[in-house]
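>>> Turn this into a structure:
(chains A and B)
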Amino acid sequence: MMAWARGWALGASAIAALAVVLALAAAPAAQQAPRRIISLVPSATEMLFAMGAGPRVAAVSSYDRFPPEVQRLPRVGALVDPDVERILSLRPDLVVAYASQVDLLAQLTRAGIPVYTCRHGSLADITAAMRDLGSRVGLAADAGRAAADVERGLADVRASVAGRPRPRTLLVIGREPQSLRAISVSGGFGFLHDLLDLAGGENVFGDVKRESMMVATETILVKQPDVILELHYSDSASRDEETRERGAWTLLPGIPAVKNGRVHLLYGGELVVPGPRVVLTARAFADALFGVRSGSQPPPRHRIEEVVF
Amino acid sequence: MTDVRRRLAVSALAFGGLAFVSVLAAPLIGTTSISLRRVFDGSVPFADNVDAQIFFIARLPRALAGAIVGATLAAAGVVFQALLRNPLATPFTLGVSAGAALGAMLAITLRLHLSLWGVSAVTAASFIGSLGAVAIVYAMARARRRGFSTNILLLAGVTLNAFFSALILFVQYLADSAEALRTMRWLMGDLDIAGYGPILAALPLCAVAFAAFAWLPRPLNLLSLDTDAAASRGVDVLRVQRVAFFSASMATGAAVSLGGPIGFIGIIVPHLVRLIVGSDHRVVLPASALFGAAFLVATDVVARTVMAPIELPVGIITALIGGPFFLWLLVRQR
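As a prediction, this is how the structure comes out:
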């Protein structure tokens, strides 16, 4: 009896030891720097390129437009329609996806493909995510430098507007073209609100703890914003189209922003991407709020083509 | 005859008074309190008079749009219920709103940037979409034989609704997330039109439809019982059906392009009114129009105040009231 028990104990400990050895051998392999990364999150793609991991990006989402290098990469769907077959066929060793893509994450995990999940939040989360992603892909130092650049850029913008009066600003993130229907605005939460705050504007809906919301024209009339910043995600618009869009606001002639010609239309794909280019957005906000280009001249026209990294 | 006249007078007075009071009161109710004296204070220029701006730019157009859309959808509901001889018919049963929705979705997703007389591309496209749906359904109803088959009309409408819904989902799926959100918002109905342009565009169409509605009640009374009996009593059945179909469809198209597909008005209001005034179309039709106006104006006040500063889509409120009511009606029918 004893011999049997001893035999079992021996066998079990041998298996346990083998398991430990295998685990130790496998662990560094799993943590090895990934060489073929697929990013379904445009902001993460930009972060990867900013930290120098661009050459390792094997495919991107259908919404990725920046940096220009992504134009050549295969597209594998996006938030609601990830193309799992295509992702698997590209044999990635890391997939960056949204935390809400639970089905996709489960499938990838079953296939043994490591995943890294992102969740959008505040402005501070962006550089934190950059550093975290950097250490995941084995570029902690480069990611740290890139994140520090972003933080420095944001600090510069903050310093440039320090001490100025803070105009009460309405941040419009969408509406029906050429009319004032279905107006979405930024509430007091999320990176766009944080950027506005940093660039020296006082969000008129800062007290509502939501990232975005639809408001009635009445509410806007009550808030009486001094400045309206309106984000358009196309890279550019014809001068005519821009004039027409700004003209829609003349339906509310009594608002100080409209009365004083302080409706600013900002164009650029980076405006929706909580990635390294938030510095550009912050600068565009500050320019619109305080820039020398406003005043008697036609309101500024922002199109951001420079590349920060 | 005198009895009908008396009932018409009483109900017009009662429901008309209700509609009048709601349109007058709605602009005074809101999350910000405004003073009527300041609103009409001529000494302050309009650009500096926030109370007047809230009254004339934000609230009055909403109340007027609510009245027009509510009256139109309720009256169109009555007409469709009589035409299809089906108490569960709504202005949206024959696919008019699905066609309008498809037009609006396409305008939003293709980013059409046109506007005429204060009417945006989305509004125009939704009206064109509704006309398209009307044309298809009418062609189907006329295809099989001479006359106007209400059965085919119903089946074609239901099928078209399903087919357009699929197309709408397809367009929505291809849209990016910001556009998808806007299309979804459109489908919930919205009366915040910020200006009088869209009202002025919809008004002539609704006026023509209501002129037709004024002629319809008597033949509809006969028609809603039995087409053969109506024909034997000298009613030109085909003509009545055609007038009813086109006028109610056009009115629905105009209302939907103004306020979005606001559900359940076209069914709750006619049935509530019937419970009160009986089923004679000479009374039900005008009373429903007036009560529909009052009902939508009142629900819109709830929509814009209940979660302020966040704007709740009015279609959600009408559906929340309408859904349970519809079920109750369904059970009660058996």
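>>> quick check: mean pLDDT across stretch A:108-120?
Stretch A:108-120 shows a mean pLDDT of 91.
>>> just stretch A:172-186 next, same as before
What stretch A:172-186 shows for mean pLDDT is 88.
>>> Kindly report the same for stretch B:22-36.
This predicted structure assigns stretch B:22-36 an average pLDDT of 89.
>>> same question, stretch B:64-72
In this model, stretch B:64-72 has a mean pLDDT of 96.
>>> can it be found next to chain A?
No. Contact of stretch B:64-72 with chain A (CB under 8 Å from any CB of the partner chain) is absent, the minimum separation being 11.0 Å. No exception for glycine: its C-beta is placed from N, CA and C like everyone else's.
>>> now that stretch: how far from the chain's centre is it?
7 Å (CA atoms, centre = their mean, to the nearest Å).
>>> what about the residue most central in space within chain B, helix or strand, and which?
By CA atoms, centre = their mean, chain B has its centre lying nearest to residue B:73, at 2.7 Å. Assessed by DSSP states H and E, residue B:73 sits inside helix B:60-83.
>>> elements contacting that helix?
helix B:2-25, helix B:197-215, helix B:217-223, helix B:237-259, helix B:265-277, helix B:281-305 (3 or more CB pairs under 8 Å, 6 or more residues apart in numbering or on different chains; DSSP states H and E).
>>> Now do the helix or strand following that helix and helix B:237-259, the angle between them.
Sequence order places helix B:96-109 as the next helix or strand after helix B:60-83, per DSSP H and E. Angle between the axes of helix B:96-109 and helix B:237-259 is 40 degrees (criterion: axes from the mean of the first three to the mean of the last three CA atoms, to 10 degrees).
>>> Between helix B:60-83 and helix B:96-109, find me the angle.
Here helix B:96-109 points in a direction 140 degrees away from that of helix B:60-83 (the same axes, to 10 degrees).
>>> Need the CA coordinates for helix B:96-109. CSV is fine.
The C-alpha trace of helix B:96-109 is given here as CSV (Å, rounded to 0.1, in the frame of the first residue of the first chain):
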residue,chain,number,x,y,z
VAL,B,96,-44.3,55.2,-46.0
SER,B,97,-42.2,55.8,-43.0
ALA,B,98,-39.7,53.0,-43.9
GLY,B,99,-39.3,54.6,-47.3
ALA,B,100,-38.8,58.0,-45.6
ALA,B,101,-36.3,56.4,-43.2
LEU,B,102,-34.3,54.9,-46.0
GLY,B,103,-34.2,58.3,-47.8
ALA,B,104,-32.9,59.9,-44.6
MET,B,105,-30.4,57.2,-43.9
LEU,B,106,-29.0,57.5,-47.4
ALA,B,107,-28.8,61.3,-47.1
ILE,B,108,-26.9,61.0,-43.8
THR,B,109,-24.6,58.2,-44.9
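>>> dump the residue contacts of the closest residue to chain A within chain B.
Relative to chain A, the nearest point of chain B is residue B:58 (3.5 Å; CB to the nearest CB). Residues counted as contacts of residue B:58 (CB atoms under 8 Å, 6 or more residues apart in numbering or on different chains) are A:216, A:217, A:218, A:221, B:30, B:192, B:194.
>>> what do you get if the cut-off is 7 Å, keeping everything else the same?
A:216, A:217, A:218, A:221, B:194 (CB atoms under 7 Å, 6 or more residues apart in numbering or on different chains).
>>> Which of the residues you listed fall in strands?
Among those, no member is found in strands (DSSP state E).
>>> Now the spatially closest residue to residue A:188 that is not a sequence neighbour. Its backbone dihedrals?
Spatial nearest neighbour of residue A:188, excluding adjacent residues (CB to CB, 6 or more residues apart in numbering or on different chains): residue A:206 at 3.9 Å. Main-chain torsions, residue A:206, degrees, to the nearest 10: phi -60, psi -20.
>>> can you map out the strands along the stretch 51-200 of chain A?
A:57-60, A:94-98, A:115-118, A:168-174, A:183-186 (DSSP state E, counting those that start in this stretch).
>>> for these, which one sits closest to residue A:74?
Proximity to residue A:74 (CB to CB) singles out strand A:57-60 among the strands of the stretch 51-200 of chain A, at 4.3 Å.
>>> Measure how far that closest one is from the centre of its chain, please.
With CA atoms, centre = their mean as the basis, strand A:57-60 stands 17 Å off its chain's centre.
>>> repeat for stretch B:148-156
Chain-centre distance of stretch B:148-156: 22 Å, with CA atoms, centre = their mean.
>>> Show me which residues of that stretch are buried.
Residues B:148, B:149, B:150, B:152, B:153, B:154, B:156 are the ones in stretch B:148-156 that count as buried (16 or more other CB atoms under 10 Å in any protein chain shown).
>>> just stretch B:301-319 next, same as before
Buried, per 16+ other CB under 10 Å, within stretch B:301-319: B:301-304, B:308-315, B:317-319.
>>> Check stretch B:4-11 too.
Buried residues in stretch B:4-11, counted by 16+ other CB under 10 Å: B:7, B:8, B:11.
>>> What is the nearest of the residues you listed to residue A:161?
residue B:11 (63.4 Å).
>>> Near the closest residue to the closest one other than its chain neighbours, how many residues? Count them for me, please.
Of all residues not flanking residue B:11 in the chain, residue B:287 sits nearest, at 4.3 Å (CB to CB, 6+ apart). Using other CB atoms under 10 Å in any protein chain shown, residue B:287 has 29 neighbouring residues.
>>> can you pull the contacts of residue B:287?
Contact analysis of residue B:287 by CB under 7 Å, 6+ apart lists B:11, B:12, B:15, B:273, B:277.
>>> hang on, isn't the second one packed against residue B:284?
The one in question is residue B:12. No. Here residue B:12 does not reach residue B:284: they are 11.7 Å apart, not a contact under CB atoms under 7 Å.
>>> So for those two, which residue has more residues nearby?
Between residue B:12 and residue B:284, residue B:284 has the larger neighbour count (other CB under 10 Å), namely 27 against 15.
>>> Please tell me how far that one sits from residue B:22.
To residue B:22, residue B:284 is 20 Å away according to CB to CB, to the nearest Å.
>>> Ok, residue B:62 next?
From residue B:62 over to residue B:22 the distance is 12 Å, taken as CB to CB.
>>> Neighbour count for the two, which is higher?
Remark: of residue B:62 and residue B:22, residue B:62 carries more neighbours, 29 against 22, as counted by other CB under 10 Å.
>>> what helix or strand is the residue of chain B most remote from its centre on?
Distance from the C-alpha centroid of chain B peaks at residue B:43, with 39.2 Å (CA atoms, centre = their mean). Following DSSP H and E, one finds residue B:43 outside all helices and strands.
>>> Which phi and psi values does it adopt?
Main-chain torsions, residue B:43, degrees, to the nearest 10: phi -70, psi -20.
>>> For the closest residue to chain B within chain A, give me its contacts.
Across chain A, the shortest distance to chain B (CB to the nearest CB) belongs to residue A:218, at 3.5 Å. Residue A:218 makes contacts with B:30, B:54, B:58, B:59, B:304, as judged by CB under 7 Å, 6+ apart.
>>> Not counting residues beside it along the chain, what's closest to residue B:167?
Of all residues beyond its chain neighbours, the one nearest residue B:167 is residue B:102 (5.5 Å), with distances taken as CB to CB, 6+ apart.
>>> so the one you found touches residue B:168, yeah?
Yes. Using CB under 7 Å, residue B:102 is in contact with residue B:168, at 5.5 Å.
>>> and those two? which has more neighbours close in?
Of the pair residue B:102 and residue B:168, residue B:102 is the one with more neighbours under other CB under 10 Å, namely 26 against 19.
>>> what sits against the more buried one?
Neighbour list for residue B:102: B:129, B:164, B:167, B:168 [criterion: CB under 7 Å, 6+ apart].
>>> That concludes my questions; thank you for your assistance.
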